[in-house]
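Visitor: Need the 3D shape of this:
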Amino acid sequence: MTHTYDASSIVVLEGLAAVRKRPGMYVGSTGERGLHNLLHEVAESAMDEVLLGRGSRVEIALLADGSVRVAHDGVHRRPLDEQLTVLGVPGSRRGGRHVLSWFDLGLFVVNALSDRLVAEERHAGVTNRQEYSRGEPIAPPRPAGPADGTGTTITFRPDPEVFETVTFDRSALAERFRELAALNRVLDLTLIDARGDVPHTERFHSPDGVRELLARLGADPAEAIVVEREDDRMGGSMEIALAPAGDREPQVVTFANSRRVDGGTHLEGFRDGVAAVLGPDARLTAVVSVKLDEPSYEGSCREILGNAPVRACVAEAVQQALETWRDEHPERAAAPTAR
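Guide: You can find the predicted model right below:
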């Protein structure tokens, strides 16, 4: 039998159907990585409100029934029901260098891939509640009682029909939250694991910023050279910490909008600045973080930062910082540990 394939054979999926049919396209996989991406999307949406000054703390709880509760003391700047029910709400997450979301999935995808989601907002003395099942509303948004102060809480349970595992790895989550706290020093985040007999609680808050990440790489934070600068030419800011590697293997880790990337123009600029003062073979341990209003990525998984102006801006800042350090510590700049 001969089958004819033409335009009539194409099925276009939209909205909930598209997300649930091809979940890996939206969260990366249906394994643990995709499961964690679901949580990160909700958590980072809450963190954005803190970074933008609309909240002060975030609490994430892994609950005994497999659900996750993410709460913060702010109110979302866009209607929450719109974010939960419309895919790709224009401007819902874009337009600010503090935004953490990597794929800009939005809460719609989380809602679509959860077998149950409950959202509550506390504002003007009232708690408003919304409930969904696999992205479909169970009931319209409604008042659910009085409220003190402001806040938003989203509780969701990943759909076991979608994910191969619905068990979150607390250690992996803690590692990411520890990293985020160091890259965004105003964050105050608490992770609670209530799945065992005795709840485990861990707080993530890093006033020392990238110095803490540098120390975790094995460098002496007392020797750190720190660069912090806003630069309109690249449309963002940079925070860089570096120190002599000593007897350890040199390593440089790079971040763009708080996500670790494999490299790109910020890494190239860092290397240019180091080479201009210490030479291309300088043995350093470093953390290079940039936050951009309009990040541009290259590579199939967007793992390389492509913003061209970043290279010159980072190179200039690093060169100036190293020249000052060299002038103040000529003996250290000439030592083998610095080369």
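Visitor: Quick check: mean pLDDT of whichever helix or strand residue 291 is part of?
Guide: Taking DSSP states H and E as the definition, one finds residue 291 inside strand 284-292. Averaged across strand 284-292, the pLDDT comes to 96.
Visitor: Parallel or antiparallel, list what pairs with that strand.
Guide: Strand pairing for strand 284-292, using DSSP bridges, gives strand 236-244 (antiparallel), strand 251-256 (parallel).
Visitor: Against which helices or strands is the helix or strand that the shortest one is followed by packed?
Guide: Using DSSP H and E, the next helix or strand after strand 251-256 towards the C-terminus is strand 259-261. Judged by 3 or more CB pairs under 8 Å, 6 or more residues apart in numbering; DSSP states H and E, the packing partners of strand 259-261 are strand 251-256. Using the backbone N, CA and C atoms, a C-beta is placed for each residue, glycine as well.
Visitor: Let me see the residues that make contact with the strand it packs on.
Guide: Residues outside strand 251-256 that contact it (CB atoms under 8 Å, 6 or more residues apart in numbering): 183, 213, 217, 245, 260-264, 266-267, 270, 284-292, 295, 297, 305.
Visitor: Now do the contacts for residue 258.
Guide: Per CB under 8 Å, 6+ apart, neighbours of residue 258: 100, 180, 183, 184, 289, 291.
Visitor: Show me just the buried residues among those.
Guide: 100, 180, 183, 184, 289, 291 (16 or more other CB atoms under 10 Å).
Visitor: can you redo those as TSV with distance to residue 42?
Guide: Shown next, in TSV, are those (distance: CB to CB, whole Å):
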residue	distance to residue 42
100	11
180	14
183	19
184	17
289	23
291	21
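Visitor: and of those residues, the nearest to residue 226?
Guide: Using CB to CB, residue 289 comes nearest to residue 226 of the buried ones among the contacts of residue 258, at 11.1 Å.
Visitor: Spatially nearest residue to the closest one, not counting backbone neighbours?
Guide: Spatial nearest neighbour of residue 289, chain neighbours left out: residue 255 (4.2 Å); criterion: CB to CB, 6 or more residues apart in numbering.
Visitor: I'd like the distance between the one you found and residue 283.
Guide: 21 Å (CB to CB, to the nearest Å).
Visitor: More neighbours: the two, which one.
Guide: Shown here are residue 255 and residue 283; by other CB atoms under 10 Å, residue 255 has more neighbours (22 against 16).
Visitor: Which residues are in contact with the closest residue to residue 286 other than its chain neighbours?
Guide: Among residues not flanking residue 286 along the chain, residue 242 sits closest, at 3.8 Å (CB to CB, 6+ apart). By CB under 8 Å, 6+ apart, the contact set of residue 242 is 214, 219, 224, 225, 274, 284, 285, 286, 287, 318.
Visitor: Can you tell me which of those is nearest residue 113?
Guide: Nearest member of the contacts of residue 242 to residue 113, counting by CB to CB, is residue 287, at 32.9 Å.
Visitor: how about the helices in this protein?
Guide: 15-21, 24-27, 32-51, 80-85, 107-112, 170-183, 210-216, 265-278, 308-328, 330-333 (DSSP state H).
Visitor: quick one: buried residues of the second one?
Guide: This points to helix 24-27. For helix 24-27, using 16+ other CB under 10 Å, the buried residues are 26, 27.
Visitor: what's the pLDDT at the residue lying closest to residue 76 once chain neighbours are set aside?
Guide: Spatial nearest neighbour of residue 76, chain neighbours left out: residue 152 (5.8 Å); criterion: CB to CB, 6+ apart. Note on residue 152: pLDDT of 93.
Visitor: Go ahead and confirm residue 152 touches residue 127.
Guide: No: with contact defined as CB atoms under 8 Å, residue 152 does not count as touching residue 127 (10.5 Å).
Visitor: which one of those two has more residues nearby?
Guide: Taking other CB under 10 Å, residue 152 and residue 127 do not tie; residue 152 has more neighbours (22 against 17).
Visitor: who are the neighbours in contact with that one?
Guide: Applying CB under 8 Å, 6+ apart, we find residue 152 in contact with 46, 49, 71, 72, 74, 75, 76, 80, 119, 120, 121, 122.
Visitor: so the first one sits right up against residue 56, yeah?
Guide: It refers to residue 46. No: Residue 46 lies out of contact with residue 56 (CB under 8 Å); the separation is 11.4 Å.
Visitor: Mind listing the shared neighbours of those two?
Guide: Common contacts of residue 46 and residue 56, defined by CB under 8 Å, 6+ apart, comprise residue 74.
Visitor: List the buried residues for stretch 161-177?
Guide: For stretch 161-177, by 16+ other CB under 10 Å, it's 162, 163, 166, 168, 170, 173, 176, 177.
Visitor: could those residues be laid out in JSON lines, adding pLDDT and distance to residue 63?
Guide: Output for the buried residues of stretch 161-177, formatted as JSON lines (pLDDT from 0 to 100; distance: CB to CB, whole Å):
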{"residue": "162", "pLDDT": "96", "distance to residue 63": "19"}
{"residue": "163", "pLDDT": "96", "distance to residue 63": "16"}
{"residue": "166", "pLDDT": "96", "distance to residue 63": "12"}
{"residue": "168", "pLDDT": "97", "distance to residue 63": "10"}
{"residue": "170", "pLDDT": "96", "distance to residue 63": "12"}
{"residue": "173", "pLDDT": "96", "distance to residue 63": "14"}
{"residue": "176", "pLDDT": "92", "distance to residue 63": "19"}
{"residue": "177", "pLDDT": "94", "distance to residue 63": "17"}
